[in-house]
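Enquirer: I'll drop the sequence and a predicted model, then ask my questions.
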Amino acid sequence: MRVGVLGAQGKVGREVCAGVQAAEDMELVAGLDLGDDLKALVDAGAEAIVDFTHPDAVMANLAFCIENGINAVVGTTGFDDARLETLRGQLGESPRSGVLIAPNFSIGAILMMRFSAQAAKYYESVEIIELHHPTKADAPSGTAARTARLIAQARRDAGLGAPPDATSTGIEGARGADVDGIRVHGLRIRGLVAHQEVVLGGPGETLTIRHDSLDRASFVPGVLLGLRSIGAAPGLTVGLEAFLDLD
Ligand SMILES: NC(=O)C1=CN([C@@H]2O[C@H](COP(=O)(O)OP(=O)(O)OC[C@H]3O[C@@H](n4cnc5c(N)ncnc54)[C@H](OP(=O)(O)O)[C@@H]3O)[C@@H](O)[C@H]2O)C=CC1
Ligand SMILES: O=C(O)C1=N[C@H](C(=O)O)C[C@H](O)C1
């Protein structure tokens, strides 16, 4: 498979380039970064791209790929419902392309999200703490936002209301961000890579589900799986779990 990487000079992009180059069934035909012309992907005959760029850049990159029939595996964050709807519309007009949007490509993070959603219906309280390196542009993290939405859906399905919280006064932000009714707290700490805790609580007990990406190599096997899978999945896929046998 002929692969292009967007954000090739970035922290994750560099790891992905090395992973693609080491894969026997893949060839790295283009490594583009800020300022490079996307036409290089077409000139190089890229069949699929990987995007680890910036939330402000990714939609234009994907519009180009979809128009040109290039499949895309996307780690860049910043996807809300409106953006996903835009992509569905673009893919509807160019049905040969497949786009995978995955908030997190590490297997442990995917399991952490799955376990959190499974546990959600058993606990009255739940909050999320995401911890990242201080060069991260977006907050809360894409992983935390997705986890919050999965937990919120599981709570709704179980008929649970809002988690208990008597806070009636305080400093703005002290209780974190509200994502679909779930509180998310963000830390930006030098030395960290990507980490998340989901803290659940009920009478007399708590359960903490924690995942740590200690190195960006943790994202590469999932990206390669996405590349190997996306050719057979035209349209929009959200979450790498669609290509994992989790059930
Ligand atoms: N889904 C997942 O598993 C993961 C997702 N991420 C997400 O991936 C994204 C990138 O993260 P990270 O690698 O840490 O960030 P970096 O800032 O280290 O890398 C981003 C790279 O993309 C470049 N870039 C910016 N705009 C464009 C553009 N229009 N076209 C091509 N390249 C561009 C940047 O250039 P310059 O520096 O000159 O601006 C930089 O080299 C973030 O949204 C992050 O949240 C990160 C880790 C895992
Ligand atoms: O910016 C990062 O580093 C990461 N971004 C993704 C996110 O926002 O969830 C995935 C992982 O947390 C690393």
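Expert: Structure's in. What do you need? The structure displayed is predicted, hence computed values, not measured ones. Numbering: from 1, shown residues only. Ligands and ions are numbered 1, 2, ... in the order given.
Enquirer: Could you double-check that residue 67 sits in contact with residue 61?
Expert: No - applying C-beta atoms under 8 Å, one finds residue 67 not in contact with residue 61, separated by 11.1 Å. Where you see a C-beta, it was placed from the backbone N, CA and C, and this is true even at glycine.
Enquirer: if you count what's nearby, which of the two comes out ahead?
Expert: Using other C-beta atoms under 10 Å, the more surrounded residue of residue 67 and residue 61 is residue 61, with 22 against 14.
Enquirer: And the strand or helix carrying that one, what does it pack against?
Expert: Taking DSSP states H and E as the criterion, residue 61 maps to helix 58-67. The helices and strands touching helix 58-67, judged by 3 or more C-beta pairs under 8 Å, 6 or more residues apart in numbering; DSSP states H and E, are strand 48-51, strand 71-74, helix 81-93, strand 98-101.
Enquirer: Please compute how far the first one lies from its chain's middle.
Expert: Okay, so that is strand 48-51. 14 Å (C-alpha atoms, centre = their mean, to the nearest Å).
Enquirer: if you look at it, does any of it touch ligand 2?
Expert: No - contact of strand 48-51 with ligand 2 (C-beta under 6 Å from any ligand atom) is absent, the minimum separation being 12.7 Å.
Enquirer: contacts for that strand?
Expert: Strand 48-51 is contacted by residues 1-7, 13, 16, 20, 41, 58, 61-62, 65, 70-76, 223, 226-227, 230-231 when judged by C-beta atoms under 8 Å, 6 or more residues apart in numbering.
Enquirer: List every C-alpha atom in the helix holding residue 61, with coordinates, as PDB.
Expert: Extracted as PDB, the C-alpha positions of helix 58-67 are listed here (Å, rounded to 0.1, in the frame of the first residue of the first chain):
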ATOM      1  CA  VAL A  58      -7.500  18.500   9.200                       C
ATOM      2  CA  MET A  59     -10.800  19.300   7.500                       C
ATOM      3  CA  ALA A  60      -9.100  20.900   4.400                       C
ATOM      4  CA  ASN A  61      -6.700  17.900   4.200                       C
ATOM      5  CA  LEU A  62      -9.700  15.500   4.300                       C
ATOM      6  CA  ALA A  63     -11.700  17.400   1.700                       C
ATOM      7  CA  PHE A  64      -8.700  17.100  -0.700                       C
ATOM      8  CA  CYS A  65      -8.300  13.300   0.000                       C
ATOM      9  CA  ILE A  66     -12.000  12.600  -0.500                       C
ATOM     10  CA  GLU A  67     -12.100  14.500  -3.700                       C
END
